[in-house]
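K.L.:
Just to be clear, the model below is a prediction. Sequence and coordinates:
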Amino acid sequence: MPELPEVETVRKGLAPVFADNRIAHVHLARPNLRFEFSEGFVETLNGALVVHLGRRAKYLLFELDNGQTLLSHLGMSGSFLALAPGEPEPEGRKSKHDHVVFELQDGSRVLYNDPRRFGFMLLFATEGLENSKFLKDLGPEPVGNELSAAGLFQKMQRRTGPVKTALLDQKLIAGLGNIYVCEALFRAKIHPQTRCCDLSELQATVLVRHIRDVIRQAIEVGGSTLNDFSAADGALGYFQHRFEVYDRAGDPCLAAKCTGMIARIVQAGRSSFYCPVCQNTEN
């Protein structure tokens with residue numbers, strides 16, 4: 001599933017395409033994705049101008065000039081592809097999974113492709129959008145000013161479960177996913193099974209710093225391309241080439257002078273990758 005860096009990469013790619021470019025027409029190939037499209041979906045979007053393309057956690061937010069905002073989630077396999085006027089689709093592309101097509105005023109097209117159809121697009125009134133069921137309970141952004149080590153430490157003290165599982169809770173920190181949590185915990189030298197309430201203030205400080213660094217670095221290189229993800233221009237992300245633990249079970253640890261081998265365990269149904277030496281709970 002695309003995580004925050006991938007969604008931010010898509011946002012950055014789509015923003016200039018929609019800027020000062022009205023939506024001429026929207027085509028729907030089916031009545032639903034994960035959910036049915038909002039009533040009046042096509043009519044609301046036709047002729048609208050996207051005045052701002054934002055992101056909250058893993059959601060794209062297309063703010064329209066008619067008082068509505070299109071909230072979009074990529075799900076497991078959703079992707080946008082922007083084509084310039086007259087530009088053909090890439091050869092070999094599976095267009096049968098194009099479920100939503102945006103035709104823009106200048107002749108550009110934006111195609112939403114989703115083989116598994118776990119993504120969705122819904123319309124909400126822009127005023128009060130933050131109170132919608134998808135956004136109202138989200139925690140602070142991992143690279144925003146609202147995330148603080150002191151705040152994270154206080155919240156962790158009230159939890160007894162493992163820190164890895166807690167960090168995947170969108171109410172704690174918005175937008176974090178399995179890949180970047182594994183990488184941040186490795187850099188912070190915190191074992192994924194460490195109980196939240198056992199996390200020290202110093203560990204919380206170090207963890208927040210590495211969460212920020214991992215997310216920023218991933219955004220800089222376009223996120224990670226695993227399975228279906230690509231940016232709006234079809235480009236692939238490259239952060240997977242920088243993975244230090246994720247999906248490296250059985251490989252040597254990359255830390256200097258470490259003799260450990262990357263291990264994998266399952267926590268709450270998700271794979272956790274870590275170095276038993278670097279992230280030893282007794283260190």
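P.N.:
Cool, the structure landed. Numbers count the residues shown, from 1 in each chain.

K.L.:
ok, which stretches of the stretch 151-283 of the chain are strands?
P.N.:
263-267, 270-274 (DSSP state E, counting those that start in this stretch).

K.L.:
Alpha carbons only: can I get stretch 249-268 in CSV?
P.N.:
The C-alpha trace of stretch 249-268 is given here as CSV (Å, rounded to 0.1, in the frame of the first residue of the first chain):
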residue,chain,number,x,y,z
ALA,A,249,15.3,-10.9,6.2
GLY,A,250,18.4,-13.1,6.2
ASP,A,251,20.7,-10.5,4.8
PRO,A,252,23.6,-9.0,6.8
CYS,A,253,23.0,-5.8,8.7
LEU,A,254,24.4,-2.8,6.9
ALA,A,255,25.4,-0.9,10.1
ALA,A,256,29.2,-0.5,10.5
LYS,A,257,30.9,-3.3,12.4
CYS,A,258,27.6,-5.1,13.0
THR,A,259,27.7,-8.9,12.6
GLY,A,260,23.9,-9.3,12.9
MET,A,261,21.5,-10.7,10.3
ILE,A,262,18.2,-9.0,9.5
ALA,A,263,15.3,-10.9,11.1
ARG,A,264,11.6,-10.9,10.5
ILE,A,265,8.7,-11.3,12.9
VAL,A,266,4.9,-10.8,12.5
GLN,A,267,3.2,-8.2,14.6
ALA,A,268,-0.5,-7.6,14.3
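
K.L.:
starting at the chain centroid, how far to it?
P.N.:
Relative to its parent chain, stretch 249-268 has a centroid offset of 25 Å by CA atoms, centre = their mean, to the nearest Å.

K.L.:
Show the average pLDDT along it.
P.N.:
Regarding stretch 249-268, the rounded mean pLDDT is 95.

K.L.:
on that earlier part again, would you mind finding the most buried of the strands of the stretch 151-283 of the chain?
P.N.:
strand 270-274 (a mean of 20; mean count of other CB atoms under 10 Å). Yep, even glycine has a C-beta here, placed from its N, CA and C like the rest.

K.L.:
could you say what helices and strands that strand packs with?
P.N.:
Other helices and strands packing on strand 270-274, by 3 or more CB pairs under 8 Å, 6 or more residues apart in numbering; DSSP states H and E, are helix 178-187, strand 263-267.

K.L.:
Run through who's touching that strand.
P.N.:
164, 168, 178, 182, 185-186, 191-193, 245-249, 262-266 (CB atoms under 8 Å, 6 or more residues apart in numbering).

K.L.:
swap in stretch 39-51?
P.N.:
18-26, 28, 38, 62-66, 68, 70, 102, 121, 123.

K.L.:
same thing but at 10 Å, please
P.N.:
Contact with stretch 39-51 is made by 14-15, 17-28, 31, 37-38, 61-70, 100, 102-105, 121-123, 126, as judged by CB atoms under 10 Å, 6 or more residues apart in numbering.

K.L.:
cool, stretch 197-210 as well?
P.N.:
142, 147-163, 166-167, 173, 180-181, 183-190, 194, 196, 281.

K.L.:
could the helices and strands packed on strand 270-274 go into TSV alongside distance to residue 109?
P.N.:
Formatted as TSV, these follow (distance: least, CB to CB, whole Å):
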stretch	distance to residue 109
helix 178-187	31
strand 263-267	42
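
K.L.:
How about the contacts made by the nearest residue to residue 99 once chain neighbours are set aside?
P.N.:
Excluding the flanking residues, the one nearest residue 99 by CB to CB, 6 or more residues apart in numbering is residue 29, at 4.9 Å. Contacts for residue 29 (CB under 10 Å, 6+ apart) come out as 95-101, 112.
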